[in-house]
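Q: okay, here's the prediction I keep looking at, along with the sequence it came from:
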Amino acid sequence: MALDVAHFGHDRPGRPPVVVGLGTCNALGTTPHQTWAFRRAEVTAFVGSPFRLPSGNALTFARVRQLDPLSIGGERLVSLAHRALDPVGELLARVPTRARLGIVLCLPERADPARGEERGRHLRRRLETTVIGPFVERGHDVLARVVARGHASFGYAAVEAGRMLEERRLDVALLIGVDGWYDPFLLETLFEQKRVLDSEWREAFVPGEAATAVLLARPDVARELGFEALAALDSAATNEEVATAFDDVPSTGHGLSRPAVAIAKRLAKEGRGVDWWLCDVTGESFRVHELQLAWPRASHLVMTPEASLELLPTHLGDIGAATMPTAAAIGIEGLRRRDPPGSVVLVSGSSAGGDRGVVAFTVCGAS
């Protein structure tokens, strides 16, 4: 798939979709404020787990300790999703049934039907039933989508939902990313690939789990319903990288750099910069190498010496398809509180299978 870039409000100032609600549940916090605050305090979510590595060591996990430790797999992710939806529930209750509501589930790659994985299909069905189903039962005019592109899912969701909002085909859009590794069947695969951190597996990641909901609306709809605009959706872009974690094709970094540069050029043309870049890079060498290639190509256009590049997994572990929306929640929360200072947050995600996504927001009322 070729580079796909969507700039919002570019030719119609004042009309970009706006973020009106955020909810999250992760190993650091159960609200965006908690998550931002604990991360700002350099708290990490890494604790022991009931799982054992092949070496006999206990597996370190960034897990949500409020959940039942015996809950695993899809049922656990459903619980995370409902907790992430709780903070935006009051807002969603104010959306009339006549409104055109879009719901996009951002899921791990294993939930893609083309992969033929039974556990992935089960996860997809459970989330469709428990997240989308209630809105259909209430009589909402729902347009539902499932994007199963792992770490980059939110990027693809933002492109589609943003366009539909700006073109007035939707009034409100709920994007929710859910992912986690708290499943012995998934962990066995990671052990075989030596991808989780252990005493002898250093180029690896600490597994995590999270769900984050981002509620978007057209500006006129937000005003009509009395929603506060937290941030504007500036741009979203996606691309594919031919080099993946599972082949020996050398990475040139173009899969990530092309969407990042496309957004950076738009901001630079408007005399704006990126104040905070939050990404999903772990200790895996292929991810580090890609960021080292891609980041300078975009950052020199828009990032000042005062701007920050930060890696979400250093505090939350690898949270897959929940990474980009969680980064958006942290970024919007932090900039609204003027720590760090600035107004533009950029979030990026690189899936293990080659999909790449980049999204930029301008926070309302930030300095």
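A: Sure thing, it's come through.
Q: quick one: low-confidence ranges for the protein?
A: 1, 10-14, 366-367 (pLDDT under 70).
Q: helices of that one, start to end?
A: Taking DSSP state H, the helices of the chain run over residues 32-40, 73-93, 118-127, 133-137, 153-166, 184-193, 219-225, 254-269, 285-302, 313-316, 323-336.
Q: ok, residues contacting the fourth one?
A: Going back to what we said before, that points to helix 133-137. L92, L101, I103, V142 (Cβ atoms under 8 Å, 6 or more residues apart in numbering). Backbone N, C-alpha and C define where each C-beta goes, glycine included.
Q: now, the residues you listed that are in strands?
A: L101, I103, V142 (DSSP state E).
Q: from those residues, which is closest to G74?
A: The nearest member of the ones in strands among the contacts of helix 133-137 to G74, counting by Cβ to Cβ, is I103 at 18.1 Å.
Q: stretch 138-147: which residues count as buried?
A: Buried residues in stretch 138-147, counted by 16 or more other Cβ atoms under 10 Å: H140, V142, L143, A144, R145, V146, V147.
Q: no, scratch that, I was asking about stretch 272-290
A: Neighbour-count burial for stretch 272-290, with 16+ other Cβ under 10 Å as criterion, is recorded at 272-284, 286-287, 290.
Q: cool, stretch 190-207 as well?
A: Within stretch 190-207, the residues that qualify as buried by neighbour count (16+ other Cβ under 10 Å) are L190, F191, R195, V196, L197, D198, W201, A204, F205, V206, P207.
Q: now the two most distant members of the residues you listed.
A: With distances taken as Cβ to Cβ, the most widely separated pair in those is F191 and V206, at 13.9 Å.
Q: ok so, going back, pick the most buried one from the helices of the chain.
A: Most buried of the helices of the chain by mean neighbour count (mean count of other Cβ atoms under 10 Å) is helix 323-336; its value is a mean of 29.
Q: you'd agree R52 is up against L59?
A: Yes. The criterion here is Cβ atoms under 8 Å, and R52 meets it with L59 at 6.5 Å.
Q: these two: which is more packed in?
A: Legend: neighbour count by other Cβ atoms under 10 Å for R52 and L59, higher for L59 (21 against 12).
Q: for the more buried one, list the residues it contacts.
A: L59 makes contact with G48, S49, F51, R52, L53, L187, V196, P207, according to Cβ under 8 Å, 6+ apart.
Q: next one: A321 from L80, what distance?
A: Separation of A321 from L80 (Cβ to Cβ, to the nearest Å): 11 Å.
Q: burial check on L216, number of neighbours?
A: The number of residues packed near L216 is 29, by other Cβ under 10 Å.
Q: how much space between it and P325?
A: Separation of L216 from P325 (Cβ to Cβ): 11 Å.
Q: intersection of neighbour lists for the two?
A: Common neighbours of L216 and P325 (criterion: Cβ under 8 Å, 6+ apart): L175.
Q: burial of the residue lying closest to E200 once chain neighbours are set aside, as a residue count?
A: Using Cβ to Cβ, 6 or more residues apart in numbering and skipping residues adjacent in sequence, the residue nearest E200 is S55, 6.8 Å away. For S55, the neighbour count with other Cβ under 10 Å is 12.
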